[in-house]
Each structure stands twice: as structure tokens, then as C-alpha cells.
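Q: predicted model, plus sequence, below.
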Amino acid sequence: MKYSTLALLFLAGVSSGQQQKHLTVVPLNGAWSSTLTANDIERVGRYPSTIRLNGGIEVKTYVCRSSNGKRMCDGYTILRADTAIYHEDTGEIEANGSVSISPLLHDPARR
């Protein structure tokens, strides 16, 4: 009994310690970049393609604006979901499961 409990605790630690993958992508129109984070990332086809994301998803997208002819990217939004598909041709995201979006967060380092 003692060994089965230890084995179960070990397996639980291994499954919860999975390393997340990260990928920075730019949609075909090149307007902004996004950082994709998930337990599993799979690119389907060649660029521009769709990217499938599974588990612990976070998509961080910079928000840019023009000021006096200069482009300023001083904030970002964060989307979290269980699964998602990112479309590189448009930058659109199809998110499923428990989905949340953080509003514009200003990054003081980018000002």
C-alpha cells in the first residue's frame, strides 16, 4: 500500500510538471506580434498556417497605436483558454473551454 501511494504521488508530480512551449508569431499582415504559450503547440502546414494550442493556453498580443506618425506599442491583452486555434493569415483566434480575456494592460517598460 505504501509503495502504490508513493508511485501515485510521483506520477502526479510528473504530469503536473510538464514544461510549457512558447512561440512568437506574426500574422500575414504583419501588424503586431503575439506570444503563444501552451502545453502542446502544433503548426498545421506551412506559413501562413493554423496553429493548434492545447492546455494552459495564454496568448499575449501587443496593442499598438499611431501617435504623430510613430507607431507605439505600449500595452497588451492576454487571452487564456483550454484549447485554441491561431490563424496566421488573419491573426484571429478561435478559443474554446474556459476562456478569459484580460483588458489592455500597459507595459511601463515600453513607454
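A: Received the coordinates, thanks.

Q: quickly list what residue 60 is bridged to.
A: For residue 60, the beta-bridge partners are residue 35, residue 78 (DSSP bridges).

Q: and if you look at residue 54?
A: Per DSSP bridges, the residues bridged to residue 54 are residue 40, residue 83.

Q: read off the pLDDT value for it.
A: Residue 54 is assigned a pLDDT of 98 by the prediction.

Q: check contacts around it.
A: 38-40, 42, 82-83 (C-beta atoms under 8 Å, 6 or more residues apart in numbering). The C-beta positions use only the backbone N, C-alpha and C, and glycine is treated the same way.

Q: same thing with residue 35?
A: Contacts of residue 35 by C-beta under 8 Å, 6+ apart are 22-25, 58-60.

Q: going by distance to residue 94, which of those wins?
A: residue 59 (11.2 Å; C-beta to C-beta).

Q: on that earlier part again, from the contacts of residue 35, which would you call buried?
A: 25, 58-60 (16 or more other C-beta atoms under 10 Å).

Q: and residue 99, how many neighbours?
A: Residue 99 has 14 neighbours, counted by other C-beta atoms under 10 Å.

Q: pretty sure it is touching residue 78, no?
A: No - with contacts counted by C-beta atoms under 8 Å, residue 99 stays clear of residue 78, the gap being 11.6 Å.

Q: now residue 21, which residues is it bridged with?
A: residue 38.

Q: now for it: which residues touch it?
A: Residue 21 makes contact with 37-41, according to C-beta under 8 Å, 6+ apart.

Q: check residue 102 too.
A: Each residue near residue 102 by C-beta under 8 Å, 6+ apart is listed here: 77-80.

Q: for this protein, what spans make up the helices?
A: All helices of the chain, identified by DSSP state H, fall at 2-16.

Q: sorry, back to before: pick out the most distant pair among the contacts of residue 21.
A: Farthest pair in the contacts of residue 21, by C-beta to C-beta: 37 and 40, 11.0 Å.
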